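K.L.:
Here is my input, please return the structure:
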Amino acid sequence: MTSRHPGPIAPAHRRVAAFSLAPAVSALSLLAAAPAFADAADQASQEVVVTAARVAQKLPDTLPSTTVISRADIEASPALDVPDLMRSYLSFNVAQTGPVGAQTSIFVRGANSNQVLVLIDGAPLSRADFGSAPWELVPLAQIDHIEVVRGNLSSLYGSAAVGGVIQIFTRHGAGTSLTVGGGSRGTLNGSASVGRRFGEESRAWELSASLSGVHTDGYSARDAKVDPTVNPDRDASTQSGATLSVGKNWAAGHRTTLSAMHSDTDSHYDGYGGPTAVDELKSRLDNFTLTSHHALTPALNLDVHAGEDVIKYTDPTAFTPGGLGRTRLLGAGVDWTVVDGQNLQFGVENDSERFGYLDSPASSRHTNSVRAGWLGSFGPAEVQANVRHDDASDYGTANTGLLSLGWRLDRDWKVVAQASTAFSAPSFSNIAYEAAPLKAEHSRDFELGVHWSRGGWLARATLFSQRQHDLIAFDASFATVNIAHASNRGLELSLDGDTGYGKVGVDATFQDARDDDAHAALLRRARTVVAANYRVPVMGWDTGVWLQYTGPRADGDPITFATVQAKARTVLGLTASHALSPNWSIGVKASNLTGRHDPEVLGYTPPPPTVLVSLHGQWQ
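P.N.:
Numbers count the residues shown, from 1 in each chain. Just a heads-up that it's a prediction; the model follows:
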């Protein structure tokens, strides 16, 4: 699946977020009354996305809550890696255990970290043993843009799409760029990309490639003040990456694209071997995708896709010294515009997963699925309906569905109601440590939202209620068990646009994710998470202020393993860039300026303040 369409796509310099109701309605009303805000940009040139419905849509037309982070947003942010990018723009709970390359968990809408499906150019990104995405292995410099859709989407994508789907698109396209930089704690980073088009538009070849690397001397991942048995030395990390893309237009409406991404990550960390132990995790990620789009008629499109994700790691001092996992996806789909405003989709997929530790036999799973969808509009009414059937070789079958209804009150305002179901299969690691045969996790989600868009501004407020059955967790003996009932209720708010005096972005989540059986909060899910930024030109410099707040949350004590309360954490970042010439610019980023004494994960060292300076060149 790809979001590179011949249709209109917003300029790269603008990020538009789909947000999420209730108290925010009054704020949206005030904003709607301010013409200076509304006229800031051209409504006609909105982002085109594909993840929310698996067909191309303008961002304001999506019914599920959707966000886009562009390449320009990535470069403008203070982030050095993907987890930090998520913190900068999205109100997700992030749990990172060290510098760049350290293992990371991200929780969306209170779902487990392995209940968020991550795709790279349409291919699943998953470490098959844990069933979760290794966010830390994706080099930030290799990303073109990201689409984020929150809520149950198993009816479109199958297992794991409980909290949402995050699709990463690698860098393609024409032009040349070069970036070099350095900063605190021996941090060095650099990247280069080049893209060329050959031939006439209808039959053109497109080639693009990019390289990147980042190194940091780091800091001690675990806090020796909390646990004196850890090694207090700095934990360095090095990450290199590369992408290659070849695209061919066979004729108008017919295109095939082959993409590949590779990364090597060498990350030192603090294990449990004592104050002199040296722990080092080496990971290799290879991702391949092949997509082919064919307009069979003006109303009928055929899409064929194949993808593979291979992750190999070695960790000599760990309980398991290494492993190799592979996830492979093959599929085909058609979408048919029956009449104007009525689109039907049908698809089939085969998903295979395989993982083996170096010292044990491999486990495997095969899943076949069929799906159908409908996008329709009837005057002011809009509808999205999806159903899917999955049949797995080990845990049986699952049927999921989604129904989303929108009603346009006028040109700018829309009310949306949505109901959906989802499921998540036990991972191979879950099964290996099960106390009794595990069941697949199941979820029901209900949403009510208000959307407002005008003149390049987009705001959404969404009330959501999610109930999960058979949630997989660890018991007191660290065996995996099913929790019969868990839930999350909350409110998402988001706002993005250009005031004429600067660009504003706010994303906030207020939630209550709980284990209903134990009457306890789920670990590492703060009740309040806010990400806000303000970017404004000042005396020839494009400056930015970035604020991330994560409220108090339940976490595990690193010594006693008891559940305790972690303190709230507030992090401030500052950015500035200046054009030296039409092709060259200089940038300065300062991150983690606050929050030095409040860890993101209990027992681990909060990231210290970091300053980076970079030189960037770009040519078309």
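
K.L.:
Can you name the next helix or strand after the host helix or strand of residue 209?
P.N.:
Counting by DSSP states H and E, the element that carries residue 209 is strand 205-219. Once the chain leaves strand 205-219, the next helix or strand it forms, by DSSP H and E, is strand 235-251.

K.L.:
Just checking: what are the partner strands of that next one?
P.N.:
strand 205-219 (antiparallel), strand 254-269 (antiparallel) (DSSP bridges).

K.L.:
picking up where we left off before, tell me the buried residues in the strand holding residue 209?
P.N.:
By 16 or more other C-beta atoms under 10 Å, the buried positions in strand 205-219 come out as 206-216, 218-219. No exception for glycine: its C-beta is placed from N, CA and C like everyone else's.

K.L.:
same thing with stretch 521-530?
P.N.:
Result for stretch 521-530 [16+ other C-beta under 10 Å]: buried residues 521-530.

K.L.:
Out of those residues, which comes closest to residue 462?
P.N.:
Nearest to residue 462 among the buried residues of stretch 521-530: residue 529, at 14.6 Å, using C-beta to C-beta.

K.L.:
Run through the bridge partners of the closest one.
P.N.:
When assigned by DSSP bridges, residue 529 has beta-bridge partners residue 509, residue 550.

K.L.:
didn't it look like it was pressed against residue 91?
P.N.:
Yes - assessed by C-beta atoms under 8 Å, residue 529 is found in contact with residue 91 at 4.1 Å.

K.L.:
still on that earlier bit, now the strand holding residue 209: how far from the chain's centre is it?
P.N.:
Its chain's average C-alpha position is 19 Å from that of strand 205-219, according to C-alpha atoms, centre = their mean, to the nearest Å.

K.L.:
Now that strand: average pLDDT?
P.N.:
Throughout strand 205-219, pLDDT has a mean value of 96.

K.L.:
CA atoms only for it - export them in PDB, please.
P.N.:
Once non-C-alpha atoms are left out, strand 205-219 reads as follows in PDB (Å, rounded to 0.1, in the frame of the first residue of the first chain):
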ATOM      1  CA  TRP A 205      11.200   5.300 -14.400                       C
ATOM      2  CA  GLU A 206      11.900   6.700 -10.900                       C
ATOM      3  CA  LEU A 207      15.000   5.800  -8.900                       C
ATOM      4  CA  SER A 208      15.800   7.000  -5.400                       C
ATOM      5  CA  ALA A 209      18.200   6.000  -2.700                       C
ATOM      6  CA  SER A 210      19.300   7.300   0.700                       C
ATOM      7  CA  LEU A 211      21.900   6.600   3.300                       C
ATOM      8  CA  SER A 212      22.000   7.700   7.000                       C
ATOM      9  CA  GLY A 213      24.000   7.200  10.100                       C
ATOM     10  CA  VAL A 214      23.900   8.400  13.800                       C
ATOM     11  CA  HIS A 215      26.200   7.700  16.700                       C
ATOM     12  CA  THR A 216      26.000   8.900  20.300                       C
ATOM     13  CA  ASP A 217      28.300   8.100  23.300                       C
ATOM     14  CA  GLY A 218      25.000   8.100  25.200                       C
ATOM     15  CA  TYR A 219      24.400   7.900  28.900                       C
END
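
K.L.:
what sits against the closest residue in space to residue 383 that isn't next to it in sequence?
P.N.:
Nearest residue to residue 383, sequence neighbours excluded (C-beta to C-beta, 6 or more residues apart in numbering): residue 376, at 4.7 Å. Listed by C-beta atoms under 8 Å, 6 or more residues apart in numbering, the contact set of residue 376 reads 341-343, 382-383.

K.L.:
Just give the closest residue to residue 64, not the sequence neighbours.
P.N.:
Leaving aside its chain neighbours, residue 64 sits nearest to residue 52 (4.7 Å; criterion: C-beta to C-beta, 6+ apart).

K.L.:
Tell me if I'm right that that neighbour and residue 63 touch.
P.N.:
Yes - using C-beta under 8 Å, residue 52 is in contact with residue 63, at 7.2 Å.

K.L.:
Phi, psi for the residue nearest to residue 599 when sequence neighbours are not counted please.
P.N.:
Nearest residue to residue 599 in three dimensions, chain neighbours excluded: residue 606, at 4.9 Å (C-beta to C-beta, 6+ apart). Phi and psi for residue 606, reported as degrees, to the nearest 10, are phi -60, psi 140.

K.L.:
what number of residues lie near residue 606?
P.N.:
17 (other C-beta atoms under 10 Å).

K.L.:
what's downstream of the helix or strand containing residue 506, the next helix or strand?
P.N.:
If you go by DSSP H and E, residue 506 is part of strand 503-515. Note on strand 503-515: by DSSP H and E, the next helix or strand toward the C-terminus is strand 520-521.

K.L.:
Check which residues of stretch 370-389 are buried.
P.N.:
Of the residues in stretch 370-389, those buried (16+ other C-beta under 10 Å) are 371, 373-375, 382, 384, 386-388.

K.L.:
What is the nearest of those residues to residue 233?
P.N.:
The closest of the buried residues of stretch 370-389 to residue 233 turns out to be residue 388 (C-beta to C-beta; 49.3 Å).

K.L.:
Give the full set of residues in contact with that closest one.
P.N.:
By C-beta under 8 Å, 6+ apart, the contact set of residue 388 is 154-156, 158, 369-372, 399-401.

K.L.:
ok, 6 Å please
P.N.:
155, 371, 400 (C-beta atoms under 6 Å, 6 or more residues apart in numbering).

K.L.:
do residue 430 as well
P.N.:
Counting by C-beta under 6 Å, 6+ apart, the residues that residue 430 touches are 438, 472, 480.

K.L.:
Find the nearest non-adjacent residue to the first one, please.
P.N.:
The reference is to residue 438. Nearest non-adjacent residue to residue 438, counting by C-beta to C-beta, 6+ apart: residue 426, 4.4 Å away.

K.L.:
now the one you found: how far from residue 208?
P.N.:
Per C-beta to C-beta, to the nearest Å, residue 426 is found 39 Å from residue 208.

K.L.:
which regions of the stretch 101-250 of the chain sit below the pLDDT cut-off?
P.N.:
Scanning the stretch 101-250 of the chain for pLDDT under 70 picks out no residues.

K.L.:
The strand or helix carrying residue 532 packs against which elements?
P.N.:
Using DSSP H and E, residue 532 sits in strand 528-538. Secondary-structure packing of strand 528-538 (3 or more C-beta pairs under 6 Å, 6 or more residues apart in numbering; DSSP states H and E): strand 503-515, strand 541-550.

K.L.:
Mind listing what's buried along that strand?
P.N.:
Buried residues in strand 528-538 (16+ other C-beta under 10 Å): 528-535.
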